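1. here you go, sequence then predicted model.
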Amino acid sequence: MTEKDIKLLWGRAGNRCAICRRELSQESRSANSSFTTGEQAHIVGERESAARGKSLLTDEERDGYHNRILLCPSHHTEIDKDENGFPIERLHYMKSVHELWVRETLGDSADVRALARQVAVTSIIDATVEMCRLQDWRSWTSFALAPDPRWDAAFCLVPFEFRQRVSAAIWPDEFGELKRSTTTLSILLLRAVNSFMEHADYADGKYIPIKFYKVRDPNPNYDRDVVRYRQWLNECYELIHEATCAANWFAEVVRRDINPMFFAGAGKFVIVDGPFSPGMTYRASIPEYSCEEKENLPDSLLKEIVEI
(Lines give C-alpha, C1' and ligand atoms only; values in the text may rest on other atoms or scores of the structure.)
Protein backbone atom coordinates (compact mmCIF):
# COMPACT_ATOMS: atom_id res chain seq x y z
CA MET A 1 0.00 0.00 0.00
CA THR A 2 1.04 3.57 -0.54
CA GLU A 3 1.50 5.75 2.52
CA LYS A 4 -1.52 7.80 1.44
CA ASP A 5 -3.78 4.75 1.21
CA ILE A 6 -2.61 3.54 4.62
CA LYS A 7 -3.51 6.88 6.16
CA LEU A 8 -6.92 6.87 4.51
CA LEU A 9 -7.69 3.33 5.65
CA TRP A 10 -6.72 3.90 9.28
CA GLY A 11 -8.19 7.41 9.48
CA ARG A 12 -11.55 6.59 7.92
CA ALA A 13 -11.85 3.44 10.02
CA GLY A 14 -11.22 5.49 13.18
CA ASN A 15 -8.43 3.09 14.15
CA ARG A 16 -11.07 0.42 14.84
CA CYS A 17 -11.89 -3.00 13.49
CA ALA A 18 -14.64 -2.68 10.87
CA ILE A 19 -16.46 -5.72 12.32
CA CYS A 20 -16.18 -5.61 16.12
CA ARG A 21 -15.15 -1.92 16.31
CA ARG A 22 -12.55 -2.72 18.90
CA GLU A 23 -10.01 0.10 19.12
CA LEU A 24 -6.64 -0.85 17.68
CA SER A 25 -3.52 0.45 19.42
CA GLN A 26 -2.33 3.53 17.64
CA GLU A 27 0.09 6.39 18.14
CA SER A 28 -1.54 9.80 17.81
CA ARG A 29 0.87 11.05 15.10
CA SER A 30 0.99 7.92 13.04
CA ALA A 31 -2.05 6.31 11.46
CA ASN A 32 -0.16 3.12 10.67
CA SER A 33 2.60 2.81 13.25
CA SER A 34 1.13 -0.24 15.01
CA PHE A 35 0.77 -3.34 12.91
CA THR A 36 0.42 -5.88 15.73
CA THR A 37 -3.24 -5.19 16.59
CA GLY A 38 -4.59 -3.82 13.32
CA GLU A 39 -4.40 -5.61 9.98
CA GLN A 40 -4.98 -4.09 6.56
CA ALA A 41 -6.93 -7.01 5.11
CA HIS A 42 -7.58 -7.54 1.41
CA ILE A 43 -11.19 -7.68 0.27
CA VAL A 44 -10.35 -9.21 -3.09
CA GLY A 45 -7.48 -11.56 -2.27
CA GLU A 46 -3.89 -10.45 -2.72
CA ARG A 47 -3.33 -13.34 -5.15
CA GLU A 48 -5.56 -15.56 -7.30
CA SER A 49 -4.98 -18.42 -4.86
CA ALA A 50 -5.95 -16.35 -1.80
CA ALA A 51 -9.39 -16.03 -0.24
CA ARG A 52 -11.70 -14.17 -2.66
CA GLY A 53 -8.76 -14.02 -5.07
CA LYS A 54 -10.60 -14.60 -8.36
CA SER A 55 -10.78 -11.13 -9.89
CA LEU A 56 -9.75 -8.99 -12.84
CA LEU A 57 -8.18 -6.42 -10.50
CA THR A 58 -4.52 -5.64 -11.14
CA ASP A 59 -1.89 -6.09 -8.43
CA GLU A 60 -1.89 -2.33 -7.84
CA GLU A 61 -5.68 -2.25 -7.50
CA ARG A 62 -5.62 -5.20 -5.08
CA ASP A 63 -3.22 -3.32 -2.79
CA GLY A 64 -5.05 0.03 -2.81
CA TYR A 65 -7.29 1.63 -0.20
CA HIS A 66 -10.52 0.66 -1.99
CA ASN A 67 -9.67 -3.04 -1.72
CA ARG A 68 -8.64 -2.97 1.96
CA ILE A 69 -10.60 -3.22 5.17
CA LEU A 70 -9.13 -2.57 8.62
CA LEU A 71 -9.65 -5.52 10.97
CA CYS A 72 -8.42 -6.97 14.21
CA PRO A 73 -6.36 -10.19 13.82
CA SER A 74 -9.28 -12.41 14.89
CA HIS A 75 -11.69 -11.08 12.30
CA HIS A 76 -9.02 -11.05 9.59
CA THR A 77 -8.55 -14.77 10.20
CA GLU A 78 -12.31 -15.32 10.25
CA ILE A 79 -13.08 -13.66 6.91
CA ASP A 80 -10.30 -15.61 5.18
CA LYS A 81 -11.45 -18.94 6.60
CA ASP A 82 -15.13 -18.32 5.80
CA GLU A 83 -15.26 -17.06 2.20
CA ASN A 84 -18.94 -17.97 1.83
CA GLY A 85 -19.89 -16.03 4.93
CA PHE A 86 -17.79 -13.02 3.92
CA PRO A 87 -17.99 -12.56 0.14
CA ILE A 88 -16.53 -9.48 -1.56
CA GLU A 89 -19.85 -7.61 -1.69
CA ARG A 90 -20.51 -8.08 2.01
CA LEU A 91 -17.04 -6.86 3.01
CA HIS A 92 -17.41 -3.70 0.90
CA TYR A 93 -20.79 -3.11 2.55
CA MET A 94 -19.35 -3.66 6.04
CA LYS A 95 -16.49 -1.26 5.31
CA SER A 96 -18.90 1.46 4.09
CA VAL A 97 -21.21 1.05 7.10
CA HIS A 98 -18.27 1.19 9.51
CA GLU A 99 -16.75 4.31 7.94
CA LEU A 100 -20.17 6.03 8.07
CA TRP A 101 -20.44 5.06 11.76
CA VAL A 102 -16.98 6.55 12.39
CA ARG A 103 -17.95 9.86 10.74
CA GLU A 104 -21.23 10.13 12.63
CA THR A 105 -20.06 8.81 16.00
CA LEU A 106 -16.39 9.63 16.27
CA GLY A 107 -16.24 12.72 14.09
CA ASP A 108 -14.78 14.95 16.80
CA SER A 109 -12.24 12.48 18.11
CA ALA A 110 -11.16 11.22 14.69
CA ASP A 111 -9.80 14.70 13.95
CA VAL A 112 -10.46 15.07 10.25
CA ARG A 113 -8.06 17.99 10.02
CA ALA A 114 -5.22 15.89 11.38
CA LEU A 115 -6.00 13.17 8.87
CA ALA A 116 -6.01 15.72 6.04
CA ARG A 117 -2.58 16.96 7.11
CA GLN A 118 -1.23 13.43 7.28
CA VAL A 119 -2.65 12.52 3.87
CA ALA A 120 -0.98 15.59 2.37
CA VAL A 121 2.36 14.50 3.82
CA THR A 122 2.01 10.87 2.81
CA SER A 123 1.22 11.95 -0.75
CA ILE A 124 4.65 13.57 -0.87
CA ILE A 125 6.22 10.42 0.58
CA ASP A 126 4.64 8.31 -2.15
CA ALA A 127 5.79 10.79 -4.79
CA THR A 128 9.33 10.64 -3.41
CA VAL A 129 9.41 6.84 -3.56
CA GLU A 130 8.19 6.84 -7.16
CA MET A 131 9.91 9.89 -8.64
CA CYS A 132 13.29 9.30 -6.98
CA ARG A 133 13.17 5.57 -7.78
CA LEU A 134 13.88 4.62 -4.19
CA GLN A 135 12.89 1.02 -4.90
CA ASP A 136 15.68 0.82 -7.50
CA TRP A 137 18.15 3.19 -5.85
CA ARG A 138 21.10 0.80 -5.80
CA SER A 139 20.53 -0.21 -9.42
CA TRP A 140 20.23 3.20 -11.06
CA THR A 141 22.99 4.79 -8.98
CA SER A 142 25.40 1.98 -9.90
CA PHE A 143 25.04 2.98 -13.55
CA ALA A 144 25.46 6.67 -12.65
CA LEU A 145 28.63 5.85 -10.67
CA ALA A 146 30.23 3.63 -13.32
CA PRO A 147 33.54 4.64 -14.96
CA ASP A 148 31.45 5.43 -18.05
CA PRO A 149 28.25 6.59 -16.34
CA ARG A 150 24.83 6.58 -17.94
CA TRP A 151 21.44 7.88 -16.90
CA ASP A 152 18.04 6.73 -18.12
CA ALA A 153 16.72 9.51 -20.36
CA ALA A 154 13.19 9.37 -18.95
CA PHE A 155 14.50 9.67 -15.39
CA CYS A 156 16.53 12.76 -16.25
CA LEU A 157 13.29 14.68 -16.75
CA VAL A 158 11.88 13.81 -13.31
CA PRO A 159 14.09 15.64 -10.74
CA PHE A 160 12.99 19.08 -11.94
CA GLU A 161 9.33 18.08 -11.58
CA PHE A 162 10.05 16.54 -8.18
CA ARG A 163 11.82 19.69 -6.98
CA GLN A 164 8.79 21.78 -7.98
CA ARG A 165 6.41 19.42 -6.22
CA VAL A 166 8.38 19.50 -2.98
CA SER A 167 8.64 23.30 -3.09
CA ALA A 168 4.89 23.67 -3.58
CA ALA A 169 3.89 21.13 -0.91
CA ILE A 170 2.00 22.17 2.23
CA TRP A 171 4.01 20.93 5.21
CA PRO A 172 2.40 20.74 8.67
CA ASP A 173 4.60 22.12 11.44
CA GLU A 174 4.97 18.75 13.15
CA PHE A 175 6.75 17.32 10.10
CA GLY A 176 9.55 19.86 9.95
CA GLU A 177 12.42 17.39 9.69
CA LEU A 178 10.62 15.43 7.01
CA LYS A 179 10.30 18.65 5.02
CA ARG A 180 14.01 19.40 5.45
CA SER A 181 15.14 15.91 4.42
CA THR A 182 12.80 15.79 1.40
CA THR A 183 13.84 19.27 0.30
CA THR A 184 17.51 18.29 0.62
CA LEU A 185 16.94 15.19 -1.51
CA SER A 186 15.08 17.18 -4.17
CA ILE A 187 17.86 19.77 -4.44
CA LEU A 188 20.71 17.26 -4.60
CA LEU A 189 19.02 14.97 -7.11
CA LEU A 190 18.31 17.91 -9.40
CA ARG A 191 21.90 19.09 -9.04
CA ALA A 192 23.17 15.60 -9.88
CA VAL A 193 21.14 15.49 -13.09
CA ASN A 194 22.03 19.04 -14.11
CA SER A 195 25.72 18.44 -13.49
CA PHE A 196 25.75 15.28 -15.58
CA MET A 197 23.77 16.88 -18.41
CA GLU A 198 26.45 19.56 -18.83
CA HIS A 199 28.60 17.07 -20.75
CA ALA A 200 26.17 14.32 -21.75
CA ASP A 201 24.61 13.25 -25.03
CA TYR A 202 21.53 11.16 -25.84
CA ALA A 203 21.97 7.62 -27.19
CA ASP A 204 19.44 4.77 -27.28
CA GLY A 205 17.19 5.93 -24.45
CA LYS A 206 19.94 7.10 -22.12
CA TYR A 207 22.44 9.89 -21.63
CA ILE A 208 26.14 9.10 -21.77
CA PRO A 209 29.23 11.31 -21.18
CA ILE A 210 30.72 13.41 -23.92
CA LYS A 211 34.46 12.87 -23.64
CA PHE A 212 35.25 16.38 -24.70
CA TYR A 213 39.00 15.87 -24.44
CA LYS A 214 38.66 13.64 -27.54
CA VAL A 215 36.50 15.99 -29.60
CA ARG A 216 39.44 17.35 -31.53
CA ASP A 217 42.28 15.30 -32.89
CA PRO A 218 44.84 16.45 -32.23
CA ASN A 219 43.72 18.40 -29.18
CA PRO A 220 46.35 20.96 -28.13
CA ASN A 221 44.70 21.13 -24.68
CA TYR A 222 44.37 17.37 -24.24
CA ASP A 223 46.01 17.12 -20.79
CA ARG A 224 44.08 20.07 -19.42
CA ASP A 225 40.79 18.73 -20.80
CA VAL A 226 41.42 15.26 -19.33
CA VAL A 227 41.82 16.89 -15.91
CA ARG A 228 38.62 18.90 -16.44
CA TYR A 229 36.76 15.77 -17.52
CA ARG A 230 37.86 13.85 -14.43
CA GLN A 231 36.92 16.77 -12.18
CA TRP A 232 33.49 16.87 -13.78
CA LEU A 233 32.99 13.11 -13.27
CA ASN A 234 34.08 13.37 -9.63
CA GLU A 235 31.58 16.18 -9.10
CA CYS A 236 28.81 14.00 -10.59
CA TYR A 237 29.83 11.08 -8.36
CA GLU A 238 29.94 13.27 -5.26
CA LEU A 239 26.42 14.54 -5.89
CA ILE A 240 25.15 10.95 -6.10
CA HIS A 241 26.80 10.25 -2.75
CA GLU A 242 25.21 13.37 -1.28
CA ALA A 243 21.78 12.48 -2.68
CA THR A 244 22.11 9.02 -1.11
CA CYS A 245 22.83 10.64 2.26
CA ALA A 246 19.61 12.61 1.81
CA ALA A 247 17.66 9.49 0.79
CA ASN A 248 18.79 7.68 3.95
CA TRP A 249 17.88 10.69 6.07
CA PHE A 250 14.44 10.88 4.42
CA ALA A 251 13.76 7.18 5.05
CA GLU A 252 14.96 7.46 8.66
CA VAL A 253 12.51 10.29 9.37
CA VAL A 254 9.61 8.47 7.67
CA ARG A 255 10.28 5.36 9.79
CA ARG A 256 10.40 7.44 12.96
CA ASP A 257 7.42 9.76 12.36
CA ILE A 258 5.13 8.06 9.86
CA ASN A 259 5.62 4.36 9.26
CA PRO A 260 8.16 2.20 11.12
CA MET A 261 7.91 -0.40 8.33
CA PHE A 262 9.03 2.02 5.59
CA PHE A 263 11.83 0.22 3.69
CA ALA A 264 12.38 -1.78 6.87
CA GLY A 265 12.93 -4.99 4.93
CA ALA A 266 15.22 -3.50 2.29
CA GLY A 267 17.18 -1.49 4.86
CA LYS A 268 19.29 1.57 4.17
CA PHE A 269 20.16 2.82 0.70
CA VAL A 270 23.44 1.42 -0.56
CA ILE A 271 25.54 2.64 -3.47
CA VAL A 272 28.10 0.60 -5.37
CA ASP A 273 31.14 2.24 -7.00
CA GLY A 274 33.35 0.57 -9.54
CA PRO A 275 34.78 -1.41 -11.06
CA PHE A 276 38.23 -0.31 -9.91
CA SER A 277 41.56 -1.57 -11.20
CA PRO A 278 43.44 -3.75 -10.46
CA GLY A 279 41.19 -6.76 -10.17
CA MET A 280 38.03 -4.90 -11.32
CA THR A 281 36.74 -4.67 -7.76
CA TYR A 282 33.60 -2.90 -6.54
CA ARG A 283 33.02 -0.88 -3.38
CA ALA A 284 29.69 -0.71 -1.54
CA SER A 285 28.90 1.98 1.01
CA ILE A 286 25.98 3.48 2.95
CA PRO A 287 26.37 7.27 2.84
CA GLU A 288 24.72 9.04 5.77
CA TYR A 289 24.72 12.52 7.25
CA SER A 290 25.98 13.26 10.73
CA CYS A 291 23.67 15.01 13.19
CA GLU A 292 25.67 18.22 12.72
CA GLU A 293 25.30 18.08 8.93
CA LYS A 294 21.53 17.57 9.19
CA GLU A 295 21.18 20.70 11.33
CA ASN A 296 22.43 22.91 8.48
CA LEU A 297 20.33 21.31 5.74
CA PRO A 298 18.74 22.33 3.47
CA ASP A 299 19.58 25.93 4.43
CA SER A 300 23.22 25.61 3.37
CA LEU A 301 22.16 24.30 -0.06
CA LEU A 302 19.52 26.99 -0.54
CA LYS A 303 22.08 29.63 0.42
CA GLU A 304 24.41 28.35 -2.28
CA ILE A 305 21.61 28.64 -4.85
CA VAL A 306 20.92 32.25 -3.84
CA GLU A 307 24.60 33.14 -4.01
CA ILE A 308 24.99 31.55 -7.45
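-> It's in. Note that the structure is predicted; figures quoted are calculated from it, not measured.
2. for the spatially most central residue of the chain, list the residues it contacts.
-> Central residue of the chain (C-alpha atoms, centre = their mean): Val129, 2.1 Å from the mean position. Applying C-beta atoms under 8 Å, 6 or more residues apart in numbering, one finds that Val129 lies in contact with Gln135. Backbone N, C-alpha and C define where each C-beta goes, glycine included.
3. and the next element down the chain from whichever strand or helix holds it?
-> According to DSSP states H and E, Val129 maps onto helix 112-131. For helix 112-131, the following helix or strand on the C-terminal side (DSSP H and E) is helix 137-144.
4. in that next one, what's buried?
-> Buried residues in helix 137-144, defined by neighbour count with 16 or more other C-beta atoms under 10 Å: Trp137, Trp140, Thr141, Ser142, Ala144.
5. just the pLDDT for the third one.
-> According to the predicted model, the pLDDT of Thr141 comes to 95.
6. does it touch Asp273 like I think?
-> No. If you go by C-beta atoms under 8 Å, Thr141 and Asp273 don't touch, sitting 9.3 Å apart.
7. and the contacts of stretch 248-264?
-> 3, 6, 29-30, 32-33, 35, 118, 121-122, 125, 128, 134, 175, 177-178, 181-182, 184-185, 268-269, 286-289, 294.
8. returning to that earlier point: roughly how far apart are the residue nearest to the centre of the chain and Ala41?
-> 23 Å (C-beta to C-beta, to the nearest Å).
9. before we move on, what about Thr122?
-> Counting by C-beta to C-beta, the gap from Thr122 to Ala41 is 20 Å.
10. more crowded one of these two?
-> Ala41 (26 against 22; other C-beta atoms under 10 Å).
11. ramachandran angles for Asp20?
-> Wrong residue type there; residue 20 is Cys, not Asp. Backbone geometry at Cys20, expressed as degrees, to the nearest 10, gives phi -100, psi -10.
12. hang on, Phe162 packs against Glu130?
-> No. Contact criterion C-beta under 8 Å: Phe162 and Glu130 do not qualify, at 9.3 Å.
13. how many neighbours does Val215 have?
-> 9.
14. for it, give me its contacts.
-> So Val215 contacts nothing (C-beta under 8 Å, 6+ apart).
15. how far off centre is stretch 54-70?
-> 20 Å (C-alpha atoms, centre = their mean, to the nearest Å).
16. contact partners of that stretch?
-> Stretch 54-70 has contacts (C-beta under 8 Å, 6+ apart) with 1-2, 4-5, 8-10, 13, 15-18, 24, 38-46, 48, 88, 91, 94-95.
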